[in-house]
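Enquirer: Here is the input, now give the coordinates:
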Amino acid sequence: MNVHKNAPLTPLGRERMVRAILEGGQTPQAAARAAGVCPRTARKWVARFTTEGRAGLADRSSRPQRLRQPTSPAVVEEVIALRRRRLPGQHIANAVGLSPATVSRILKRAGLSRLKDLDPPEPVRRYERRHPGELIHIDIKKLGRFHQVGHRITGERRGQSKARAKGQGAGWEVVHVCIDDASRIAFTRIMPDEKAKSAVAFLKAAIAYYKSLGVTVARVMTDNGSCYKARAFARACKRLKLKHIRTRPYTPKTNGKAERFIQTALREWAYARAYNTSNERAHQLQPWTHAYNWHRPHGSLKANTPISRLGLPENNLLRLHI
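Expert: Predicted coordinates:
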């Protein structure tokens with residue numbers, strides 16, 4: 001229950017006032033004066049308490065139980081039918097002779113307030129490549145650097161914006177992430193920036209990492225960031241014999257595996273505990289990524305680890321597990 005900050009009575013205060021009248025022998029005028037309400041209000045709560053008990057002291061909706069002239073079901077159906085023809089609310093109101101407010105309430109109850117509510121929901125498209133290396137997803141996440149425990153832990157933001165405005169902020173860390181579509185094996189690295197040079201260096205490092213696991217990468221999917229649209233990145237993909245796929249603009253769900261991996265990394269690594277500095281947090285990235293690939297059960301892999309998707313023999317597992 002949302003009680004107004006200036007409300008003179010709450011359910012507990014109403015009960016106290018009612019009992020002062022019924023059991024304490026006070027007059028309604030005296031009890032009302034002590035509670036800061038009028039005697040008529042005091043009598044109202046006494047009557048409700050007498051007939052309904054403590055339940056009668058709870059808040060009730062101010063909506064009348066019956067409307068004098070409710071909109072007929074036939075008119076409501078006509079309003080909904082016109083809406084399904086994609087007419088705006090004002091046009092519907094003129095056509096059926098209702099006020100725009102009444103039409104708005106009818107459409108809200110029907111779940112048709114917005115025109116896009118008329119369109120069927122887009123089906124969820126889930127896909128997974130059959131073999132590791134057929135497609136890798138690459139994305140970037142910027143994290144603020146810090147020299148002391150930040151506001152997420154302390155809840156104190158004072159002075160942070162002022163320092164950044166003066167150019168005294170700690171700066172940013174740019175985390176480049178890559179995840180294989182079939183196996184969910186991830187590769188991460190903190191790069192100096194999100195420019196093409198850093199993106200190309202990360203791509204080469206990721207390809208080398210997957211090659212060390214015996215995985216040959218054929219395609220790479222990215223968003224439409226400037227570093228991925230740069231000619232240097234295109235040349236790197238060509239030299240590495242990779243087909244570069246970019247997502248549709250403003251559709252991050254197309255690159256959903258990378259987006260989901262970033263959420264997991266933020267929850268289980270970046271914001272998992274209170275780091276004293278961002279350097280301390282950065283040192284924990286590779287151990288966490290290793291645990292993600294080798295030890296952490298993955299929900300989409302039936303609680304198996306990503307590395308299990310490679311089907312490596314025991315000797316290779318011992319050689320690669322560092």
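Enquirer: gap between residue 280 and residue 66?
Expert: The gap separating residue 280 from residue 66 is 66 Å, by Cβ to Cβ, to the nearest Å. Using the backbone N, CA and C atoms, a C-beta is placed for each residue, glycine as well.
Enquirer: Which one's more surrounded, these two?
Expert: Neighbour tally, residue 280 and residue 66, criterion other Cβ atoms under 10 Å: the higher count belongs to residue 280, 12 against 5.
Enquirer: just checking, what packs against the helix or strand containing the more buried one?
Expert: According to DSSP states H and E, residue 280 maps onto helix 278-283. Here helix 278-283 touches strand 136-144, going by 3 or more Cβ pairs under 8 Å, 6 or more residues apart in numbering; DSSP states H and E.
Enquirer: Can you give me the buried ones in the strand it packs on?
Expert: Residues of strand 136-144 classed as buried: 136-141, 143 (neighbour count, 16 or more other Cβ atoms under 10 Å).
Enquirer: strands paired with that strand, and their directions?
Expert: Applying DSSP bridges to the sheet, strand 136-144 is found paired with strand 172-180 (antiparallel), strand 219-222 (parallel).
Enquirer: Span of stretch 89-109 from start to end?
Expert: 14 Å (Cα to Cα, to the nearest Å).
Enquirer: just stretch 280-288 next, same as before
Expert: Distance across stretch 280-288, first residue to last, is 13 Å (Cα to Cα).
Enquirer: List the contacts of residue 174.
Expert: 140-143, 190-194, 198 (Cβ atoms under 8 Å, 6 or more residues apart in numbering).
Enquirer: Format those as a markdown table; extra columns: distance to residue 16 and pLDDT.
Expert: Formatted as a markdown table, those follow (distance: Cβ to Cβ, whole Å; pLDDT from 0 to 100):
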| residue | distance to residue 16 | pLDDT |
| --- | --- | --- |
| 140 | 60 | 93 |
| 141 | 55 | 93 |
| 142 | 55 | 92 |
| 143 | 53 | 89 |
| 190 | 61 | 93 |
| 191 | 65 | 92 |
| 192 | 66 | 89 |
| 193 | 64 | 89 |
| 194 | 62 | 90 |
| 198 | 67 | 94 |
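Enquirer: nearest to residue 87, of the strands paired with strand 136-144?
Expert: Residue 87 lies closest to strand 219-222 among these, at 41.1 Å (Cβ to Cβ).
Enquirer: which residues touch the helix or strand following the closest one?
Expert: Using DSSP H and E, the helix or strand that follows strand 219-222 in sequence is helix 226-229. Residues outside helix 226-229 that contact it (Cβ under 8 Å, 6+ apart): 138, 140, 194-196, 198-199, 222, 233, 244, 246.
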